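Novice: Show me how the following folds:
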Amino acid sequence: MSYPLGIFRPMANLRTVHRCQECGASAPRWAGRCSGGGSWNTLVEEVDSQALPGPLAAGYGPAGAEAVPIAEVVGDRCRRRPTGVGELDRVLGGGLLPGSVTLLGGEPGIGKSTLLLQVLAGAAAAGGRCLLVSAEESAEQVQVRAARLGAARAGGLWLASETELSNLVAQVEQVAPTHLVVDSIQTVFDAALDSAPGSVAQVRHCTARLVRLAKERGVATVLVGHVTKDGSLAGPRVLEHSVDTVLSFEGDRHHGLRLLRAVKHRFGPVGELGLFEMGPRGLVGVPDAAGLFLADRQPGVSGSAVVAALDGCRPLLVEVQALVVSAKAAFPRRSAEGVDAGRLELLVAVLEKRVGADLGRSDVYALAAGGVRVVEPAADLALSLAVVSSHAGVALPADLVACGEVGLGGELRQVPQLERRLVEAARLGFGRAIVPAGSPQPPAGISALRAGTLAEAVRAADVHSHARSITETAPAS
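Specialist: Here you go, the predicted model:
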């Protein structure tokens, strides 16, 4: 067997096991199905950690410590260090904790490296000692980005272009940073392991060693992770279990909007959402998303409705649009962007059966404007009203917001935290809201138009006499 560039040194007589990438269960030989979690084709061969020599095996567990009564545990590692990036601090609950390990995942080109370089520059400006280990780009490439972001002259920011694990650990011991970023974990390898960078064995082993290093030295560590084509983090599932926090950085590269979510967070809730806008000087936080999502909205256009959505704990008012045109093919088309395509099919069927809208010979297109995805059931009512508005050719009132889940019987169901949604709608100048009949009283500044069914909601929206004639002739439920 050949080893490229001479970077791998095979270790003789090491026992191997086949480990599941999903649940971490091991098997002595390959099998099509994992006996632990039942998943298929997830067993990958790797070196057994129990057969590793002492220096390597030591990286798989924390250093030994005596048990003490929990009331006697003291320390200063619970004080969060603000990153200087407001939206990131919002998601993390105030900042990074010393000794914590955070995994940041996102599609290529979404802005992960840019975000973390801004974080390190801010931490260095606040007196921190920061180390950026670039395992994918050269030092010159990183310096060019830093110059563009205005971070090239940060006094406390150190840069190392390194991929080998032992050299990386040596850099950490030499610099003694308070903040460490490794970009990315899939390209870091230990030359003592007989496997290529990015393999299950390498990712698992290198992550375990870096986690232990962070805990021992109290370094706030961020690891950058690749994602697969379906959007999930690449590598073994134990990678996510090993770290303290998992952040997902999302967005459409054709739009400037970026969304940061906490998928896992041991030090706080996972409900917060961070919003950024990519600009020539890097990522800029968007504390008020209303100007971003509704700035280009044009009242008086049919097929447009505003939904009071809730992403985590953050209310967002988003414009959903629909376009209904005559079908040119034998089978009508249903196209969705930013909204769930299956949900659109369901709502069109409910509108035909329960409201009487003749959509069987029409193409229906729907999207959420602004590059954001709205997939919660609370958007059902607004999307349905947008379809009816486009079908009737008449616009909805400009000060109207809609929020409610639509059932197969045409009934409207309540959605969680409606008051918080409507408070945001009232703050942005919306005066009326169509909500399910059993909803609580709305906050001051906005009136509720209650509807028990989708047909009643169409009548309450007053979408022209054509829409009213539809609901009057609607078939019985």
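
Novice: List the neighbouring strands of the helix or strand harbouring Val181 plus their orientation.
Specialist: Assignment of secondary structure by DSSP states H and E places Val181 within strand 179-183. Using DSSP bridges, the strands paired with strand 179-183 in its sheet are strand 130-134 (parallel), strand 220-225 (parallel).

Novice: mind listing the helices for the stretch 51-200 of the chain?
Specialist: Taking DSSP state H, counting those that start in this stretch as the test, the helices found in the stretch 51-200 of the chain are 54-57, 86-92, 112-125, 139-149, 165-175, 200-217.

Novice: what stretches of the stretch 251-400 of the chain score poorly on pLDDT?
Specialist: Low-confidence regions of the stretch 251-400 of the chain, defined by pLDDT under 70, span residues 290-291.

Novice: just the helices in it please.
Specialist: Listed in chain order (using DSSP H, counting those that start in this stretch), the helices of the stretch 251-400 of the chain are 290-293, 341-350, 380-392.

Novice: which of the residues in the last one are buried?
Specialist: When neighbours are counted by 16 or more other Cβ atoms under 10 Å, the buried residues of helix 380-392 are found to be 380-392. All C-beta spots, glycine's among them, are computed from the backbone N, C-alpha and C.

Novice: Summarise which helices and strands it is packed against.
Specialist: Contacting helix 380-392 under the criterion 3 or more Cβ pairs under 8 Å, 6 or more residues apart in numbering; DSSP states H and E are the following elements: strand 304-311, strand 314-326, helix 341-350, strand 362-368, strand 400-402, strand 405-406, helix 454-461, helix 464-472.

Novice: just the angle between the first one and helix 380-392, please?
Specialist: Using axes from the mean of the first three to the mean of the last three Cα atoms, to 10 degrees, the direction of strand 304-311 lies 170 degrees away from that of helix 380-392.

Novice: Please convert the helices and strands packed on helix 380-392 to CSV, extending it with mean neighbour count and distance to Asp183.
Specialist: CSV is the format used below for these (neighbours: other Cβ atoms under 10 Å; distance: least, Cβ to Cβ, whole Å):
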stretch, mean neighbour count, distance to Asp183
strand 304-311, 25, 27
strand 314-326, 20, 28
helix 341-350, 17, 34
strand 362-368, 21, 31
strand 400-402, 26, 41
strand 405-406, 20, 41
helix 454-461, 23, 49
helix 464-472, 16, 54
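
Novice: and the strand holding Val181, what's its mean pLDDT?
Specialist: Confidence for strand 179-183, expressed as mean pLDDT, is 96.

Novice: What are the contacting residues of that strand?
Specialist: 81, 96, 112-113, 116, 119-120, 123, 128-137, 168, 172, 188, 210, 214, 219-224 (Cβ atoms under 8 Å, 6 or more residues apart in numbering).

Novice: now it, how far from the centre of its chain.
Specialist: A distance of 20 Å separates the C-alpha centroid of strand 179-183 from that of its chain, computed with Cα atoms, centre = their mean, to the nearest Å.

Novice: and what of stretch 435-448?
Specialist: Taking Cα atoms, centre = their mean, one finds the center of stretch 435-448 at 31 Å from the center of the full chain.

Novice: Need the distance between the two termini of that stretch.
Specialist: End-to-end distance for stretch 435-448: 7 Å, by Cα to Cα, to the nearest Å.

Novice: how about that stretch: buried residues?
Specialist: 435-436, 439, 442-443, 446, 448.

Novice: Which residues does that stretch contact?
Specialist: Outside of stretch 435-448, the residues within contact range by Cβ under 8 Å, 6+ apart are 401-405, 412-415, 418-419, 422-423, 425-427, 430-433, 449-452.

Novice: Now for the closest residue to Leu259 other than its chain neighbours: which residues touch it?
Specialist: Nearest in space to Leu259, with sequence neighbours left out and distances taken as Cβ to Cβ, 6 or more residues apart in numbering, is Glu250 at 4.7 Å. Listed by Cβ under 8 Å, 6+ apart, the contact set of Glu250 reads 106-107, 110, 258-261.
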